[in-house]
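Enquirer: my questions concern the predicted model and sequence given below.
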Amino acid sequence: MSYNVGIIGTGYVGLVTGTCFAATGNNVYCIDIVPEKIEKLRQGISPIYEPGLETLLQRNIREERLHFSTELNDAVENCKIIFLCLPTPPNEDGSADLQHVLRVAAQIANIIKNKNLTEKKIIVNKSTVPVGTTSKIREIIKEIIPDKEFAVCSNPEFLREGFALEDALKPERIVIGTDDKDAEIILKDLYVPFVRSGNPIFIFDEKSAEVVKYAANSFLAVKISFMNDISAYCEKVGADIDKVRLGIGSDSRIGKRFLFAGIGYGGSCFPKDVRALIHSSEMENVSLDIIKAAQKVNEKQISRFIDRIFNRFNGNLSSLKFALWGLSFKPDTDDVREAPAFRIIDRLLSAQARIDVYDPEAMPNTELKYGNKISYAKNMYHCLADADALIIATEWTVFRNPDFTKLKSLMKQHIIFDGRNLFSLDEMQELNFEYYSIGRKDVK
């Protein structure tokens, strides 16, 4: 059956989740406190770049299954199921900031109380939160409406930016943390259209469900950091990290994914979730040594890459111009949170280098941070004019097969620092580029 579903927060998770619930026939109310964002969404304009999202958004608005409002009442009064898709940014100590989640929980309870709503509400936390948050939400609501029946559940998200619609519409698994049988039945029914191929819906206790999200992201961060650690060794001994990747990735116990060496992970999830899990574990006097090591390696990897740029020019970058391809933390998104490219830009600016950047989607978000401190090219070749070196920070598909003849004609010096191993060593040698990549020998 179809449900009235409330989505509180129209950020990345909330907007994708709400749109996909609408696409399976539900009536969805998306709530956000930013009027400008809501007005754009009503017009079918997505505030984030995600392949296919805007088309699906517009279709469900036309078919009147997707509604946008700044009024929390609209969701609480009309919907039985209410998803909390709110930001949990890191505090200075690495812990997750729960103020938005807990405040909205209290607001929902007060609306139920003031409107004297009698329907049992199912409040589902989809935000990434530490263990015990579901219980905190329940306590806050119970204190305000002690005589009302309600359920609070955990339902972590596993969306990959750039593949979010695929992950939402065809999830590998659904994890629900609850011991409320009514909520279990209803949430299973809500998710059935997404798992018709047989992928599982796991019903766990809420604490285990909360840990799953942090554990999954931290494990993937460990895989990335492991390969980046090995890449440094490969450079020293003359091995090729790409061949090592193929050799170990063919082992089914290891798998092929998340084995690409590069300049480190970024984005809204991995850095934040790793720090939050480390902080939570320390509060329990548990030392997660492997995860701490992964965090340390990730920090070291980008610094090591930047140091190679400085070393190549003997530390004097003040008279040099650098072209930089890729600003988002990964391709197919405009998300620049914790982007390695920003670490590179910061160091180059501190050395008084000139920087001309290009990214297919992330330049508006970059300009919000850097303004006129750097230049923004109209295309990937425009930024190369008179460049002393090209730096590749994000592996957008458009960068994989450039016109190398055009590159050479535009650049002052034919030097490439490839943080994503896009080009073959043989090709760089044949084209007479000076080429530095990750975990492979240099071409000079």
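Expert: Happy to help now that I have it.
Enquirer: switch to C-alpha atoms for all contacts and neighbour counts from now on
Expert: Noted.
Enquirer: ok, and for the lengthiest helix in the chain, which residues are buried?
Expert: Selection of the longest helix in the chain by residue count, based on DSSP state H, yields helix 206-237. For helix 206-237, burial by neighbour count (16 or more other Cα atoms under 10 Å) applies to 206-214, 217-235.
Enquirer: how about stretch 80-91?
Expert: Buried-residue list, stretch 80-91, by 16+ other Cα under 10 Å: 80, 81, 82, 83, 84, 85, 86, 87, 88, 89, 90.
Enquirer: check stretch 385-399 too.
Expert: Applying 16+ other Cα under 10 Å to stretch 385-399 flags 385-396, 399 as buried.
Enquirer: which other residues reach that stretch?
Expert: With Cα atoms under 8 Å, 6 or more residues apart in numbering as the test, stretch 385-399 has contacts from 263, 320-332, 340-341, 384, 410-420, 422.
Enquirer: span of that stretch from start to end?
Expert: 17 Å (Cα to Cα, to the nearest Å).
Enquirer: stretch 398-409 too?
Expert: Per Cα to Cα, the first residue of stretch 398-409 is 19 Å away from its last.
Enquirer: give the buried residues for it.
Expert: Buried-residue list, stretch 398-409, by 16+ other Cα under 10 Å: 399, 407, 408.
Enquirer: circling back to that earlier point, so which of the buried residues of stretch 80-91 are in strands?
Expert: Per DSSP state E, strands hold the following members of the buried residues of stretch 80-91: 81, 82, 83, 84.
Enquirer: spit out the contact partners of the last one.
Expert: If you count contacts by Cα under 8 Å, 6+ apart, residue 84 has them with 7, 8, 9, 101, 123, 124, 125, 126, 127.
Enquirer: for those residues, give me JSON lines that also has distance to residue 302, neighbour count and secondary structure.
Expert: Shown next, in JSON lines, are the contacts of residue 84 (distance: Cα to Cα, whole Å; neighbours: other Cα atoms under 10 Å; DSSP: H, G, I helix; E, B strand; the rest coil):
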{"residue": "7", "distance to residue 302": "37", "neighbour count": "30", "secondary structure": "strand"}
{"residue": "8", "distance to residue 302": "36", "neighbour count": "29", "secondary structure": "strand"}
{"residue": "9", "distance to residue 302": "32", "neighbour count": "25", "secondary structure": "coil"}
{"residue": "101", "distance to residue 302": "33", "neighbour count": "24", "secondary structure": "helix"}
{"residue": "123", "distance to residue 302": "40", "neighbour count": "24", "secondary structure": "strand"}
{"residue": "124", "distance to residue 302": "37", "neighbour count": "26", "secondary structure": "strand"}
{"residue": "125", "distance to residue 302": "34", "neighbour count": "27", "secondary structure": "strand"}
{"residue": "126", "distance to residue 302": "31", "neighbour count": "25", "secondary structure": "coil"}
{"residue": "127", "distance to residue 302": "28", "neighbour count": "24", "secondary structure": "coil"}
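Enquirer: hmm, which two among those residues are most spread apart?
Expert: Across the contacts of residue 84, the longest distance by Cα to Cα is 13.6 Å; it joins 9 and 123.
Enquirer: how far does stretch 357-366 sit from the chain's center?
Expert: Its chain's average C-alpha position is 16 Å from that of stretch 357-366, according to Cα atoms, centre = their mean, to the nearest Å.
Enquirer: measure it end to end?
Expert: Start to finish, the residues bounding stretch 357-366 are 9 Å apart (Cα to Cα).
Enquirer: same question for stretch 77-84.
Expert: End-to-end distance for stretch 77-84, by Cα to Cα: 15 Å.
Enquirer: all helices of the stretch 201-350 of the chain, in order?
Expert: 206-237, 241-249, 270-283, 289-312, 340-350 (DSSP state H, counting those that start in this stretch).
Enquirer: least reliable of those going by mean pLDDT?
Expert: Mean pLDDT values for the helices of the stretch 201-350 of the chain show the minimum at helix 270-283, a mean of 92.
Enquirer: coming back round to it: ok, the ones in strands among the buried residues of stretch 80-91 vs residue 372, which is closest?
Expert: Among those, and counting by Cα to Cα, the member closest to residue 372 is residue 84, at 37.3 Å.
Enquirer: just to be sure, residue 422 is in a helix?
Expert: No: assigned with DSSP: H, G, I helix; E, B strand; the rest coil, residue 422 falls outside any helix and is coil.
Enquirer: chain neighbours aside, what residue packs nearest to it?
Expert: residue 400 (5.8 Å; Cα to Cα, 6 or more residues apart in numbering).
Enquirer: quick check on that neighbour: phi, psi?
Expert: Main-chain dihedrals, residue 400, degrees, to the nearest 10: phi -80, psi -30.
Enquirer: please look at it and residue 423 and confirm they touch.
Expert: Yes: shown here, residue 400 and residue 423 form a contact pair, counting by Cα atoms under 8 Å, at 7.1 Å.
Enquirer: so for residue 67, which of the helices of the stretch 201-350 of the chain sits nearest?
Expert: Of all the helices of the stretch 201-350 of the chain, helix 206-237 comes closest under Cα to Cα, at 28.5 Å.
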